[in-house]
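In: Turn this into a structure:
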Amino acid sequence: MQTHIGQFRLLPQLLAALILALRTAESCSLSFACQHVMRLGRREETVPLLFLSKGKDRVMLPTLELKSTYEEQGYAVARHLFTPDEVTLLREHYMRLRAQGPHLGDLVGLDSTSEDPLKRYPRMIQMHRSDDVSLGFLLDQRFHTILKDLLGREPYAVQTMLYFKPPGARGQALHQDQYFLKAHPGTCLAAWLALDPCDEANGCMQVVPGSHRWSILCITKADTTISFTDVTVPLPEGEFARPVLMEAGDVLFFGGSLVHGSFPNTTPDRFRRALIGHYISGDAEQVTAFLQPVLRLDGTMVTLKVTEPGGPCGVWVEKDGQPVIEISGIERPPTSQSE
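Out: Here you go, the predicted structure:
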């Protein structure tokens, strides 16, 4: 089974008819993009569509809806972007790689006898530098199409990661990816592919909607009994992380300032495997040294300057009874890469 992708442009009237044919009136009333299309009226504007075809079935995903959700919340989920067959192949591929022994970039080193699940199944990183399957994932044309629309320009590819998150594994404390990747100007963006169903029990992703509008925050100490990283970012009163429930094959896209993390996998027998590609805006001129060399999505290399460690960061202060971010701190070098 294969998934094909393409961009098409339709007049608003035709797009409205197509959406209404696929949605009930009630579901359309709950869709920001659906209502937006209805409001386009008679104007001769065009709207991009993303078509995913799975054999004889066909699913239409308006990029307008994905982009509007991304811009409003700081993240968006493309449902069933990868087919079940593709997910199975990827899952089996990385389980084979993990079984082969240690790899460069393993989070805590491989120890198959350890009581710590993260040492039995440590995270893998930058696999695309030595593994063609990982490189193919990172440069997948589906990502190119969506990332270009979300970023408004061509993306650069900088990182691959694989989290196994076996039963009993710790999660990762809340953080912002841009703190680690340091793309300037612009920001970074993650494409987080679920290789297993992800729910609160096995430690699904948790996000703080709207936090993509925040500055990069100064880090504080995290609780390492529930997080494999030792740093986190504080949340002001009234702000909470919310779970993102996903099926295998769904892809979560989120920006570099979005505060996100995960809780431990509390299940006795379920993994929460995820394959991640990290990208930066194509107008970036510098990025952290760990991410070099940088790739265009046609696979060619591009040379960027190296971002120096440190820099300003924000702290929460109260003004007029409301929490606001004041840029008064200094970043300290991170000890690990982010999920």
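In: my guess is Leu217 contacts Pro234, does it?
Out: Yes - in this structure, Leu217 is within contact of Pro234 by CB atoms under 8 Å, at 7.2 Å. Quick note: C-beta positions are derived from backbone N, CA and C, even for glycine.
In: Overlap of the contact sets of these two?
Out: Each of Trp316 lies in contact with both Leu217 and Pro234 under the rule CB atoms under 8 Å, 6 or more residues apart in numbering.
In: These two: which has the busier surroundings?
Out: Neighbours were counted for Leu217 and for Pro234 using other CB atoms under 10 Å; Leu217 has more, 25 against 14.
In: Is Asp298 part of a helix or strand, or is it coil?
Out: Classification of Asp298 by DSSP: H, G, I helix; E, B strand; the rest coil places it in coil.
In: so what's the residue lying closest to it once chain neighbours are set aside scoring on pLDDT?
Out: Excluding the flanking residues, the one nearest Asp298 by CB to CB, 6 or more residues apart in numbering is Leu139, at 7.6 Å. Leu139 carries a pLDDT score of 97 in this model.
In: State the distance from Leu139 to Tyr163.
Out: Distance, Leu139 to Tyr163, by CB to CB, to the nearest Å: 20 Å.
In: The two: who's more crowded?
Out: More crowded of Leu139 and Tyr163, by other CB under 10 Å: Tyr163, with 27 against 17.
In: From Val324, how far off is the more buried one?
Out: Remark: distance between Tyr163 and Val324 (CB to CB) = 34 Å.
In: picking that back up, what residues are up against the residue nearest to Asp298?
Out: So, once contact is read as CB under 8 Å, 6+ apart, Leu139 ends up touching 157, 295, 297-299.
In: let's see it at 7 Å
Out: Leu139 makes contact with 157, 297, 299, according to CB atoms under 7 Å, 6 or more residues apart in numbering.
In: Against Asn202, how distant is the spatially most central residue of the chain?
Out: The chain has Ala190 as the residue nearest its centroid, 3.3 Å off, counting by CA atoms, centre = their mean. Relative to Asn202, Ala190 is positioned 19 Å away (CB to CB).
In: Mark which of the contacts of Leu139 are buried, thanks.
Out: 157, 297 (16 or more other CB atoms under 10 Å).
In: now for the longest helix along the chain, which elements pack on it?
Out: Longest helix in the chain, counting residues (DSSP state H): helix 84-99. Here helix 84-99 touches no other helix or strand, going by 3 or more CB pairs under 7 Å, 6 or more residues apart in numbering; DSSP states H and E.
In: Mind doing that once more with 10 Å?
Out: strand 124-125, helix 132-138, strand 155-163, strand 188-194, strand 274-281 (3 or more CB pairs under 10 Å, 6 or more residues apart in numbering; DSSP states H and E).
In: Tell me where the stretch 101-250 of the chain has helices.
Out: Secondary structure of the stretch 101-250 of the chain (DSSP state H, counting those that start in this stretch): helices at 117-120, 132-138, 141-151, 177-181.
In: Kindly report which one of the ones you listed carries the lowest mean pLDDT.
Out: helix 117-120 (a mean of 89).
In: list the buried ones in that one?
Out: By neighbour count on 16+ other CB under 10 Å, the buried set for helix 117-120 is 117-120.
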